[in-house]
Structure formats: structure tokens, C-alpha cells
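[1] Sequence and predicted structure below; questions after.
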Amino acid sequence: MSDTAEAAIDTSVWDALRASGKSPAPDSPLAYGFWRLLNKTGGYALPVSTWSDDGFWLVSIAGADPIDRDCREEWGSFLAKTWPRLQAVEYADYVTALDTGAWQSGMPATKDRLGIGGNNPPEDLEPHQAVAKKVSDLETTVKAWLEEIGGKPLTKAQADQVVQHRDAFLALEKEAEKARIDEKEPHLAASRAVDAKWQPIVRDAAALKKQLVDMGQAYIRAEQARLAEEARKERERLAEIEAKRAAEAAEAGEPAPEPTPPPSEPEPPKVTIGTGRQMGAHKAPLQIEITDLEAWAGYLGKINAAGVAVLAEKLAHQMAKVGVPHMPGVLVDGKPRLNPNT
């Protein structure tokens, strides 16, 4: 190419996009320049160059043979899908990526460079290690890109790139989750088979055990009632003796004898059965009934009982989600939700 032809090259679009950090607008005409095409899910970016030769536009991706409008399908796909995603780069950075397989920031410039250090071959990794490496490599790529743009997106094109990176991580998340489920399923199936074999036996033994426990508890209750009745009759007998002594003393004109203190109310008789591991009476479960919900809720809020705030916040989320209009004492997205008609 002659010096005159080189002087005629229009770099204004490329220069402007490098300065702004934006990508070419969709449906905008091709322009001379050197570019980076970030892969959506692979964590690498391909070097791209565009130029005109005798009025015909040519495109080379990753140093491959150029394509032009005669390559109808590829050309149409490039204009519609690839051109609006390109990022303008310095020529020196493009050459580095093309020659070394990595951009000056360290981002791989080819898929084959992912995870490769120098001339070392890729590691033979387990499936989970391979996906973890993809995540790590993509993280490195995103951190390098963020460093290049100053830590946060400042243009629409950069914000669009954030979404592309988000989608890349989402794809890896789905890949990892699917692999986790697929790998876990045989173990779950084996666990279900073990349960199916043993749980009926466990249930049968538990049911028979309960029948015997119920029998034992019935005996204990009956024995407790019998012993309690015996104790009652003994108290009555002692009371009768005491009354007879007092009557005899009165009849003889003697002072009434000092009364024998009545026995204290006896504890419920303790009954156990069994010669090894003994069984005693089961305690009846506590019967709780809330008779004044408003009073009880107010008291819990006042003392800030453990767990009350967590349960109250969970309930507030559920109520806000279904659109409850009146929620006094609660902010939804920073605003009170009060209904004056409530």
C-alpha cells in the first residue's frame, strides 16, 4: 500500500470509539480500526481488524483469512451481531494479542489460551475443577477489564459489557448447578433404594414398639390409680381413728388428745415397669392456648424475644410480596405502607 493510500485512511470512527469506550452503533457503517471481541461465556477476547481495499471492506478475526461481502452468511452475521459488540483498542495492543495470544492486560486472546501459562499444556482436570477454572479465569478477565475502565462503567457500551459478563457468569453457574445435580443423582437414587429396603422394617418395628408402650402406659396409669386409692383410704382410716380418740376422751371428761398431724398430700405414686431399661409414666404434653393474640404479640415486641424480629421480618416480606396495603411500623423499599381506610 502506498504512502498516499495510507494517508487517505479515515481513522476518525476508530479514534472516537477508543476515546469514548463505546462500541459501534448497530447498523452503523463499517470503519477502519483494530478491535477486541469479548466472548460471551469463554472469558477471552478475539482480536479483530477491519479495513477497506479498493472500496471493498474486509474483516479478519483472530488473524484468520479475511471475509468480505461475498461471504454472504458470515458477512451478514458479522454486521448484525459482531460489529456492534466490538471494542476499539490501540494498535499495539492488537498486535500483542495477535502475536502472543494474550492482551496486554493478561486477558486471553484465544480460547486455547484460557488457563495456559507460557507454553505449558492445559491441565487434566476433574469436571468440577474445570468449571472452577472457567470461573476463576473469567473473574481474572473481568477484573482486568474493570481496571482498564477505571473500576466501573461510565458509558452505555461499558454498561452493556457488564451485562455480558453477568451472562457469562450465569452460564457458568447453570453449568455447575447442572453438573452438581447430575453427579448427585446416582447417590440420591442409591439412598432412596436403601430407604425403600429398610424403612418398612423400621416402621413395622416402631409400630409394634408403640403398641407395647401403650400397653405399658395403660398398666402404669392403672397402678398409679390403685396406689392413689389405697393412700386415700389410709388417710380416711387414720382420720377415723383420730376422731374416735377425741370422742372417747370427751366422754371420759378428759382433755382432747393432741391431734396427730394429718399426712401431707402425697406425691403421685411413682410406678415403673421393666427389669432392664425401665419405663415410667410419660409426661403429658403442655397444652398452650393464646387467648389474647394482640397482648401476647405486644409483649414479645416489648421484650424483643429471641427470634421474634426474624419471624416478624419474614412475615413482613411475605405480606409485602402479596401486596398487603396496610403494614404499620414497616418500610417497604424505604417507604411506609399505610392505608388510612384500615
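    Done, it's in.
[2] Give me the neighbour count for Ile303.
    Number of residues near Ile303 (other Cβ atoms under 10 Å) recorded here: 9. Yep, even glycine has a C-beta here, placed from its N, CA and C like the rest.
[3] Quick one, grab the pLDDT at it.
    The per-residue pLDDT reported for Ile303 equals 75.
[4] how close does it get to Leu125?
    55 Å (Cβ to Cβ, to the nearest Å).
[5] any idea which helix or strand comes after the lowest-mean-pLDDT helix or strand in the chain?
    One helix or strand of the chain scores below all others by mean pLDDT, DSSP states H and E: helix 3-7, with a mean of 43. The helix or strand immediately downstream of helix 3-7 is helix 12-20, counting by DSSP states H and E.
[6] Which elements pack onto the helix or strand following that next one?
    Downstream of helix 12-20, the first helix or strand assigned by DSSP H and E is strand 33-38. In this structure, strand 33-38 makes packing contacts with helix 12-20, strand 45-53, strand 87-88, helix 91-100, judged by 3 or more Cβ pairs under 8 Å, 6 or more residues apart in numbering; DSSP states H and E.
[7] As JSON lines, the ones you listed with mean neighbour count, mean pLDDT and distance to Glu313 would be great.
    As requested, the helices and strands packed on strand 33-38 are exported to JSON lines (neighbours: other Cβ atoms under 10 Å; pLDDT from 0 to 100; distance: least, Cβ to Cβ, whole Å):
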{"stretch": "helix 12-20", "mean neighbour count": "15", "mean pLDDT": "90", "distance to Glu313": "45"}
{"stretch": "strand 45-53", "mean neighbour count": "20", "mean pLDDT": "91", "distance to Glu313": "44"}
{"stretch": "strand 87-88", "mean neighbour count": "22", "mean pLDDT": "90", "distance to Glu313": "44"}
{"stretch": "helix 91-100", "mean neighbour count": "16", "mean pLDDT": "89", "distance to Glu313": "50"}
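[8] wait, which of the ones you listed is closest to Trp198?
    strand 45-53 (55.6 Å; Cβ to Cβ).
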